[in-house]
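1. Sequence and predicted structure below; questions after.
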Amino acid sequence: MNIVITSIVILGAIGCLSAVILYFVAKKFKVEQDDRIDQIVEVLPGANCGGCGFAGCQGFATACVNAGSLENKFCPVGGAPVMQKVGSILGVEASEAEPMVAVVRCNGTCANRSKTNTYDGAKNCRIAASHYAGETGCGYGCLRFGDCAAVCNFGAIKVNPETGIVEVDEELCTGCGSCAKACPHNVIEIRKKGLKGRRVYVGCVNKDKGAIARKACKAACIGCGKCEKTCPFGAIKVENNVAYIDFNVCKLCRKCVVECPTGAIKDVNFPTPPVKPAPKPAEDVKPVEPKIEEVKIEEVKVEEVKIEEVKVEEVKVDNKPDAIEQSLF
Amino acid sequence: MKTFKIGGVHPNDSKLSASQPIEVMGLPAKAVIPLSQHIGAPATPVVEKGAHVVVGQLIAQGTGFMSANIHSPYSGTIEKIDNAVDAWGMPCKSIFINVEGDEWDESIDRTDTLVRAFSYTPEEIVKKISDAGIVGLGGACFPTHVKLSIKAPAKADVLIINGVECEPYLTCDHRLMMEHGEELMIGIKILMKAINVDRAIIGIECNKPDVIKHLTDLSIKHFGIEVCPLKMHYPQGGEKQLIDACIGRQVPSGALPISVGAVVDNVATCFAVYEAVQKNKPLIDRVVTITGDKMSHPCNLKVRFGTPLKDLIDKAGGLPTEGEYKMIAGGPMMGRSFCNIDSPSSKRTSGILILPESKARRNEEENCIRCGKCIDACPMGLEPYLLSRLSEVKNWDLMEEHNVMDCIECGCCLYTCPANRPLLDYIRMGKQTVGGIIRARAQKK
């Protein structure tokens, strides 16, 4: 019995002594941290993707608190709702930013861009890019090994084994930009998501002269400048033999899509294919919109097979102006 | 027999073209001269479109510290100065020449007579080498005049000549040593004078007994030059390995050979130095080995820079008509496979190797079994399995700590790996990235 009491007393004494020491140590070495940092970390998505430009969510929260304002700070993953929460914690106005999405600026599918050789080194875009131009004749396009897919924290980007190039899932993509940084050929660009996800962009970054680019890939931008002349808003610039559409200026009229001789300019999420003689494209499109959208919803409900059918139709229509232009060539 | 102490592998030497004498390659109708034929900044063109040039005329000037001059290997008219596609499908600025006749610059001595005597000062020799645009013809294309300009307090006491040719298949240096031994000796004498040393050692592997005998006989007449027969051991042609093998000195990590008092030059470079100093001929051609298991006529060709690779391959029997094959610029161990045969040859092209798929294709990659063979094979004492893994997970700091910059990219790790892991691919990427980080850091300071 004595042993029990003695041990309790001794252990108790050690415990009390340690508690006192720890108390003073904690007082002495206390790290002052703003509580708001923890609060902000709570509301952030916690993806630690670095899309905001800071080292993870903690870094972003610290930067927000230290700066005291949300100017030039935006969490692409959480978007406006999260930024509003952050703003309410700090008691400031949240900065507005449009939702962005990763866009693969390459049309180099297996059908458009045939293989000229086989690469048997490490399956890594960066290594392949530092070694040579790639498995096709185009030294600028998608290398097809999926460095971007490896860095994506949201599973939004994948190499499609059928087409041979990477595809972005718009639903999952947060526009954080890590794929764009990982791509050694800078094929991926972070662009404005656009109204109802509608976007027009040049799906090519080939800087070679027209003939060489066209030889390497059927859907390459040949830098002919037709789109630049057609664009009524001056949104398109041709530099180094490749066209670029400024998404801040583009009004989505799609005149360039029709004009492009190689079909390098892509329009996505539009309900109808672009029409060549379009006097008032904006008005023409509007009444058609709701009908098609309804159809789409029905299809999703029924079966996947139907969606494929619809896709095939779309492709056919897309090809029409292309084929006409090709015969002109 | 001597060799270096750590690591290395023993690939089959397959010297198919060793007995083929050097043939002179004919002139193409059109030639493309790349402006970047050396490490460092590309040379700046000094001729205009439409100008007439003669053989040996300066057409591009090396402007950077690590840059070298480029001379016209042909006479003719400059068609244009534009981007051409190199062997790897990348654009590279080049000078296009329409070849017309074969008119040489008058100052060049084109006779075969040996010119033994020279009375230049070391500065004059370095100047002549610099003007002639000579770069290390062993593969790295490091400008030779930079190597010879030794800054005090560093001092060289021995010149080591690399006649090892440890790369399997390649025989260009072998043939050069056999056919131009005398010129080589004079070239070595000139280099000895340039760096002020009285001892030169020619390292030659024992798979070339004819060369060892031939050069040993010649070296008797040249005081200070000795031949050092070496055991067959890849990568003995590496600068640091060769110094270790010949004189037993080890170059510290991150240091240059001059830190142990040695300067290393390739035999082809010595021959080019002879031609530049004694014959006034700039570097416009080199010996190239075109070989491969299925080639009907493996050969050694004296090729002027700018000749399309296709012409060279055709001379050796042409590409195989059936099955897949791999085309490699250089030897099978360190050479770089390429995809465009319309591209021109350059100062870098030491050989072209066409391997059948059965020999060249890499096997399916498997998991690392931690056998440590790559560590045994690494001639620099690195840990390739670790470096490759660190590169995969992008841990550049730790890679630097593990001395990735010492890697000589010899490929021994890749050669021995039983799991067929692309170790060197990843290490090379890591080395590039870490090198960039180090340079950026140095610039900040």
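-> Sure, I can see it.
2. residue in the stretch 51-200 of chain B nearest to chain A?
-> In the stretch 51-200 of chain B, the residue that lies nearest chain A is B:G89 (2.8 Å; C-beta to the nearest C-beta). Quick note: C-beta positions are derived from backbone N, CA and C, even for glycine.
3. Pull the contacting residues for that residue.
-> Applying C-beta atoms under 8 Å, 6 or more residues apart in numbering or on different chains to B:G89 gives the contacts A:Y132, A:A133, A:G134, A:G137, A:G139, B:C339, B:N340.
4. which of those has the most neighbours?
-> Counting neighbours by other C-beta atoms under 10 Å in any protein chain shown, A:G134 comes out on top of these with 28 neighbours.
5. Please identify the helix or strand for it.
-> Take DSSP states H and E as the rule and A:G134 turns out to sit in neither a helix nor a strand.
6. With A:A219 as the reference, measure out to the closest residue to A:S69 other than its chain neighbours.
-> Closest residue to A:S69 apart from its sequence neighbours, by C-beta to C-beta, 6 or more residues apart in numbering or on different chains: A:V92 at 5.5 Å. A:V92 sits 47 Å away from A:A219, going by C-beta to C-beta, to the nearest Å.
7. Disregarding flanking residues, what is the spatial nearest neighbour of the residue of the stretch 51-200 of chain B closest to chain A?
-> Closest residue in space to B:G89, ignoring its immediate chain neighbours: A:A133 at 2.8 Å, by C-beta to C-beta, 6+ apart.
8. Please determine how far the residue in chain A positioned nearest to chain B is located from B:L35.
-> Taking C-beta to the nearest C-beta, chain B has its nearest neighbour within chain A at A:A133, 2.8 Å off. Per C-beta to C-beta, A:A133 is found 19 Å from B:L35.
9. Repeat that for A:P184.
-> According to C-beta to C-beta, A:P184 and B:L35 sit 24 Å apart.
10. So which of those two has more stuff around it?
-> Between A:P184 and B:L35, counted using other C-beta under 10 Å, the more crowded position is B:L35 (22 against 15).
11. Look up phi and psi at B:L16.
-> Here is the backbone geometry of B:L16 (degrees, to the nearest 10): phi -70, psi -30.
12. wait, B:I290
-> Phi and psi for B:I290, reported as degrees, to the nearest 10, are phi -110, psi 110.
13. What count of nearby residues applies to it?
-> There are 27 residues near B:I290, going by other C-beta under 10 Å.
14. Tell me if I'm right that it and B:T349 touch.
-> No: using C-beta atoms under 8 Å, B:I290 is not in contact with B:T349; the gap is 9.9 Å.
15. Check what pLDDT residue 51 gets.
-> The chain I'm using is chain A. We have a pLDDT of 83 for A:G51.
16. Actually, chain B is the one I wanted.
-> So, for B:A51, pLDDT stands at 93.
17. rewinding a little: how about the residue nearest to A:S69, what does it touch?
-> Residues near A:V92 by C-beta under 8 Å, 6+ apart: A:G68, A:S69, A:L70.
18. so what's residue 162 closest to, chain neighbours aside?
-> Going with chain A. Of all residues not flanking A:E162 in the chain, A:C110 sits nearest, at 7.7 Å (C-beta to C-beta, 6+ apart).
19. That was the other one, I meant chain B.
-> Leaving aside its chain neighbours, B:N162 sits nearest to B:N266 (4.7 Å; criterion: C-beta to C-beta, 6+ apart).
20. and what of A:C256?
-> Per C-beta to C-beta, 6+ apart, closest to A:C256 is A:C227, 3.8 Å.
21. which element follows the one helix or strand the one you found maps to toward the C-terminus?
-> Here A:C227, judged by DSSP H and E, is contained in helix A:226-230. Next helix or strand after helix A:226-230 toward the C-terminus (DSSP H and E): strand A:236-239.
22. how close does A:V249 get to A:A235?
-> 4 Å.
23. Quick check on those two: which one has the bigger neighbour count.
-> Neighbour count, other C-beta under 10 Å: between A:V249 and A:A235, A:A235 has more, with 20 against 12.
24. That one contacts A:K251, correct?
-> Yes: in this structure, A:A235 is within contact of A:K251 by C-beta under 8 Å, at 7.5 Å.
25. show me what contacts A:K215?
-> If you count contacts by C-beta under 8 Å, 6+ apart, then A:K215 has A:G137 around it.
26. My guess is B:Q250 contacts B:D244. True?
-> Yes: the pair B:Q250 / B:D244 is scored as a contact, 5.7 Å apart, by C-beta under 8 Å.
27. Beta-bridge partners for the residue nearest the centre of chain A, please?
-> For chain A, A:A102 is the residue whose C-alpha lies nearest the centre (C-alpha atoms, centre = their mean; 1.7 Å). On the basis of DSSP bridges, A:A102 is bridged to A:I190.
28. give the contact list for it.
-> Contacts for A:A102 were tallied using C-beta under 8 Å, 6+ apart; they are A:148, A:156-157, A:168, A:173, A:175, A:177, A:179-180, A:188-191.
29. domains of chain A?
-> Using automatic domain parsing, the domain ranges for chain A come out as A:35-90, A:99-193, A:195-277+A:290-329.
30. May I have the phi/psi pair for residue 112?
-> No chain in the question, so chain A it is. phi -80, psi -30.
31. wait, I meant chain B there
-> The phi/psi pair for B:D112 (degrees, to the nearest 10) reads phi -90, psi 0.
32. Run a quick neighbour tally on it.
-> Neighbours of B:D112 under the rule other C-beta under 10 Å: 7.
33. Got the confidence number for it?
-> Listed pLDDT for B:D112 reads 87.
34. Kindly report the same for A:G194.
-> What the model reports for A:G194 is a pLDDT of 84.
35. swap in the one 3 residues further on?
-> At A:G197, the model reports a pLDDT of 86.
36. Grab the nearest non-local neighbour of it.
-> Closest residue in space to A:G197, ignoring its immediate chain neighbours: A:N269 at 4.2 Å, by C-beta to C-beta, 6+ apart.
37. Am I right that that neighbour is in contact with A:R198?
-> Yes: the pair A:N269 / A:R198 is scored as a contact, 4.8 Å apart, by C-beta under 8 Å.
38. ok so, going back, burial of the residue nearest to B:N162, as a residue count?
-> 25.
39. swap in the one 10 residues further on?
-> A count of neighbours around B:A276, defined by other C-beta under 10 Å, yields 23.
40. That one should be in a helix, yeah?
-> Yes: the assignment for B:A276 is a helix, going by DSSP: H, G, I helix; E, B strand; the rest coil.
41. Any figure for the gap between the nearest residue to it once chain neighbours are set aside and A:G194?
-> Excluding the flanking residues, the one nearest B:A276 by C-beta to C-beta, 6+ apart is B:A132, at 3.6 Å. Computed as C-beta to C-beta, the B:A132 to A:G194 distance reads 60 Å.
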